[in-house]
Structure formats: structure tokens, C-alpha cells
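Undergrad: Quick one, fold the following:
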Amino acid sequence: MQTPSQYIIDNKQRFLDELFDLLRIPSISADPSFSDSVHKTADFVAESLRKAGADNVEICQTAGYPIVYADKIIDPSLPTILVYGHYDVQPSAPDELWETPAFEPVIRKTEIHPEGAIFARGSCDDKGQMYMHVKAFEAMMKTNSLSCNVKFMIEGEEEVGSGNLGPFCIANKEKLKADVVLISDTSMIANDIPSIDVGLRGLSYVEVEVTGPNRDLHSGVYGGAVANPINILAKMIASMHDENNHITIPGFYEKVAELSAAERSDLNLAPFDHEAYKKDLNVGDTWGEKGYTVIEKTGIRPTLDVNGIWGGYTGEGSKTVLPSKAFAKISMRLVPNQSSDEITALFKKHFESIAPSSVKVEVKPHHGGEPVVTPTDSKEYKAAARAVKRVFGKDPIPTRGGGSIPIVALFKKELGLNSVLLGFGLDSDALHSPNEHYGVVNYFNGINTIPLFFEEYAAS
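TA: Model prediction:
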């Protein structure tokens, strides 16, 4: 009988070709003009699951974009793994910064990926990592080696906050009944240093609008006498951090879970090359909250960052205008014990309180999610660690990721399930940025590891 690993080798080029077809569809959930493409991608995922051997494949409609569900129940007495992923992607803009078009995937060699990396929007986040599960499932089905029941729930709104996933989970608890959730939407330390994320930060995302005069004004006639909303917004944003880069919102740190000295020491045992980190980003030095290492700043500490800011005239040449409005999008990453609703409320109250009377301020909450820490002594984590070791030849290091996957907390709350964050990307893969990419080796390492997780989890 052929093994999954041999089947994967025999079908390597087809597995790449199919991923390329998936990556060519611009499934940008944040932009309504791409709605047809998002729906087309859901159809692609559903058809891929059918061809791989799944049963009960459904495109489940929601108030937004659909969720693709499928399952394969081989024996009700066996454990069931619920695979979660998303088929939507971030906007590709600014498109002029891509070396090759965002939705025309190509393989190029890089210093970190000498065997080649797939350059395309969604290659790593999350189409490439989600599609690993489809192909791993196919390999298990074709070699008669599926050792657990499996259910798939692939959504199309992760990049805009998964607003319809919670209601879907609540309404379909029986359908989604499982023993563990398996997610590949995170990173490893390096290709030769495997790791498994055991913690994720939460998120509070808001948009602010500062309004001054009732129309754009001549900056010579009115400048100096009427408040400039861009100047005011810049000062307000600057005041959100003190000289030690601590966030100045009253009550912001009140519920932050502080790690012990021993826990911080263990966290910093993970390999980290500060010089290589700076070189990769082409920065003179790192930044952030005083008193914490880079690993701590990106894993266990909350942050506040401006994700976009605009207003006034930004076209070619000059236009001496005093703008009527200024805008910014701001995200706050949260750590255990912080609540996204509470932090959003604290931000709104503080931001409105520091505005001068010469402007009006509106804070518009977008979406949020809760921080989560998963146990390392569970049978699911241990099964994942054993599977990773069989592929990489060494034990994975448990790490805390800086990103947010709000649905991990949702799955625990609504379905009572722990999640395994079995990601194979790298932080340097330019997620959410121009020239996003995903190593070919990483793609196939994931496809090879997933069947081993099924095997190890069934044995546990």
C-alpha cells in the first residue's frame, strides 16, 4: 500500500498547480468590488474537497461570505478533528510595490527560501496553509490511511473579523462537534527551528475621524487661526505613547497578565538573532516598550499602532489647503485578561477626552478578538509535537505569536474545543505586505506533517 508521503511526492507538481489556480482568484473580502471572486474561491475550495474524497460538502450561506463545510466520518468511535482555515485574503495594495503581480503566482528563490518560494497574495495567509489540509486529506484518502474523522470549516471573512463565524458556530454546534480544532495560520521560528504557537494576542481595531472646519480652506487665508485636523490628529496619536513607549490610555494595562521572571526567561530561550532581524527589515534598530525583549514585545505585551492615516491633498504637485477632515485606522493587540470590548471603550473615552474644542472626533469600532493561550500538556499539543519531530527531526519550541486569530477563543467558548496552531509559514514571508510569499518546502512540510498529526492524535 502506498504511503501518504509517497503519494505526496508522486503528485507534487499537481499540488503546486492547484494551489496556483487558487491563488489566481483575488478573494479580497474587504473590498466589495471583489465579491464575485470571493464566491468563486468558495466554489473552488468546495470542489477541491469533493475531489479529495470529502462527504457532505456544503457552501453555507451567511449574512456575509459563505463558509465551506465538509466532512469524512469513517468511524464514530474514532476522534474527530475539525480543520479551520480561511480562503479570503488581504488587499494587495499598494500593487506597484509587488515585484510580480499579486495574483499571478510565481516561484522565486530567496536567501531564506533557496529551494524557492511562491510569491502571491494569500500564498501563506492563508490559502497556501489552508490548502495543505485539503491535499493532506486527499493523500490520506487515496492511501486508505485516514486515522481520524475529519470536518472542514473554511470561511471567507477572516481578514475582516470573522463577523459571521460566531453565529454559524452557535447555530451548528452538532454539525461541528469534534474533539479538537486544527489550524494552520501561524508561523514557525525558522525552517530548521520548528515551533508551535501556544499563544495569540487579541485585537481591538478602530477608525477615527477628526473634523475641523465645514469645508477645506485656503491655508494662507485661514492657516494659523483655524485648527488643522491633520495637525490635531498627529498630536493626539503622538500622545498615545510616553517616552518609554508605554500606552497612555488610562486603565489600558489594568488587566494585563504579567508573566513571572521564570516564564519570561523560558520564553526568551527561543533562538533569536537581533542583527539578522534588523537586517531582514532594513532598520537601524528595533523599537517598542522599554524593559522588554523583542520576543516579549511581540508575544506577551499589548500594543497600539496606526495602520493608516490620511486627509487633505495627496495628489501630484501642490495644493495649499487646510483640510476639513483627517482620518486614521488604529489597531491594538491585546494579551491575556484584556477584553477587546473593554479596550475599545477605553480608547474611545480617552481619544475623545484629549480632543481640543476646535475639532470634533468620532471613533468607529471595526472588529476585535480575544487573546488566547493554549496548554502544552494536552494530548493534542503533544500529538502535534510528535508529528513535527517526525518531519523536522527535532522537538518544536512552544512560542507565543504576535498576531490575532479571534476564532481560537470563539471555538473554546462556543464549541468547548482547544485548538492546535500548526503553522508552517515564517514571519519574514511578508504577510499582509507586498511580495507575500510561502516556501515550497514549507508547503510540502505541512502536507507531510498533517497526516502524522492525525496518526499521533488517534494513537493518543
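
Undergrad: CA atoms only for stretch 120-129, dumped as PDB, please.
TA: Coordinates of each C-alpha in stretch 120-129 appear next as PDB, following Å, rounded to 0.1, in the frame of the first residue of the first chain:
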ATOM      1  CA  ALA A 120       1.400  35.800  -4.400                       C
ATOM      2  CA  ARG A 121      -1.200  37.300  -2.200                       C
ATOM      3  CA  GLY A 122      -2.600  34.600   0.100                       C
ATOM      4  CA  SER A 123       0.300  32.200  -0.600                       C
ATOM      5  CA  CYS A 124       1.000  32.000   3.200                       C
ATOM      6  CA  ASP A 125      -2.000  33.700   4.700                       C
ATOM      7  CA  ASP A 126      -4.000  31.600   4.400                       C
ATOM      8  CA  LYS A 127      -4.600  29.900   1.100                       C
ATOM      9  CA  GLY A 128      -1.300  28.000   1.000                       C
ATOM     10  CA  GLN A 129      -1.600  26.800   4.600                       C
END
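
Undergrad: Go ahead and name everything in contact with it.
TA: When contacts are defined by C-beta atoms under 8 Å, 6 or more residues apart in numbering, stretch 120-129 is touched by residues 19-20, 22-24, 26-27, 85-87, 89-90, 92, 102-106, 117-118, 158, 184-185, 423-425, 429, 431-432, 436-438, 442-443, 446. C-betas here are computed from N, CA, C, even on glycine.

Undergrad: Just the ones of those in strands?
TA: When those are checked against strands (DSSP state E), the matches are Gly85, His86, Val106, Ala117, Ile118, Gly425, His437, Tyr438.

Undergrad: Can you lay out those as TSV showing pLDDT, neighbour count and distance to Asp266?
TA: As requested, these are exported to TSV (pLDDT from 0 to 100; neighbours: other C-beta atoms under 10 Å; distance: C-beta to C-beta, whole Å):
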residue	pLDDT	neighbour count	distance to Asp266
Gly85	98	23	30
His86	98	30	31
Val106	98	14	41
Ala117	98	27	32
Ile118	98	26	34
Gly425	97	25	24
His437	98	30	31
Tyr438	98	30	30
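
Undergrad: so what's the residue located most distally from the centre of the chain scoring on pLDDT?
TA: When each C-alpha in the chain is compared with the mean C-alpha position (C-alpha atoms, centre = their mean), Val221 comes out farthest, at 47.2 Å. With respect to pLDDT, Val221 scores 97.

Undergrad: and if you look at Ile407?
TA: At Ile407, the predicted lDDT confidence score is 89.

Undergrad: Renumber starting at 851 from here on
TA: Okay, using 851 as the starting number, the last item reads as Ile1257.

Undergrad: if I look at it, how far off is Ala1107?
TA: Between Ile1257 and Ala1107 the computed distance is 21 Å (C-beta to C-beta, to the nearest Å).

Undergrad: Which one's more surrounded, the two?
TA: The neighbour count for Ile1257 versus Ala1107, taken as other C-beta atoms under 10 Å, is higher for Ile1257 (26 against 11).

Undergrad: who are the neighbours in contact with that one?
TA: Taking C-beta under 8 Å, 6+ apart as the criterion, Ile1257 is in contact with Tyr934, Glu1008, Ser1012, Leu1015, Gly1219.

Undergrad: Mind putting these into a markdown table with pLDDT, neighbour count and distance to Ala986?
TA: Formatted as a markdown table, the entries for the contacts of Ile1257 read as follows, by pLDDT from 0 to 100; neighbours: other C-beta under 10 Å; distance: C-beta to C-beta, whole Å:
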| residue | pLDDT | neighbour count | distance to Ala986 |
| --- | --- | --- | --- |
| Tyr934 | 98 | 26 | 14 |
| Glu1008 | 94 | 25 | 20 |
| Ser1012 | 93 | 23 | 23 |
| Leu1015 | 97 | 24 | 23 |
| Gly1219 | 90 | 23 | 27 |
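
Undergrad: The residues you listed in helices, which ones?
TA: Of those, the ones assigned to helices by DSSP state H are Leu1015.

Undergrad: Let me know the secondary structure of the residue farthest from the centre of the chain.
TA: Applying DSSP: H, G, I helix; E, B strand; the rest coil to Val1071 yields a three-state assignment of helix.

Undergrad: who does Val933 bridge with?
TA: Counting by DSSP bridges, Val933 is bridged to Phe1002, Leu1032.

Undergrad: What separation do you get for it and Met980?
TA: To Met980, Val933 is 8 Å away according to C-beta to C-beta.

Undergrad: what residues do these two have in common as contacts?
TA: The overlap between the contact sets of Val933 and Met980 (C-beta under 8 Å, 6+ apart) consists of Ile1004.

Undergrad: of these two, who's got more company?
TA: More crowded of Val933 and Met980, by other C-beta under 10 Å: Met980, with 26 against 23.

Undergrad: show me what contacts the more buried one?
TA: With contact set as C-beta under 8 Å, 6+ apart, Met980 has these partners: Val895, Gly935, His936, Tyr937, Ile1004, Ser1034, Asp1035.

Undergrad: One more pass at 6 Å, please.
TA: Taking C-beta atoms under 6 Å, 6 or more residues apart in numbering as the contact definition, Met980 lies against Gly935.

Undergrad: which among the ones in strands among the contacts of stretch 970-979 gets closest to Val1000?
TA: Gly935 (12.6 Å; C-beta to C-beta).

Undergrad: For the ones in strands among the contacts of stretch 970-979, could you give me a markdown table that also reports distance to Arg900?
TA: Below are those laid out as a markdown table (distance: C-beta to C-beta, whole Å):
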| residue | distance to Arg900 |
| --- | --- |
| Gly935 | 17 |
| His936 | 19 |
| Val956 | 28 |
| Ala967 | 29 |
| Ile968 | 24 |
| Gly1275 | 27 |
| His1287 | 29 |
| Tyr1288 | 25 |
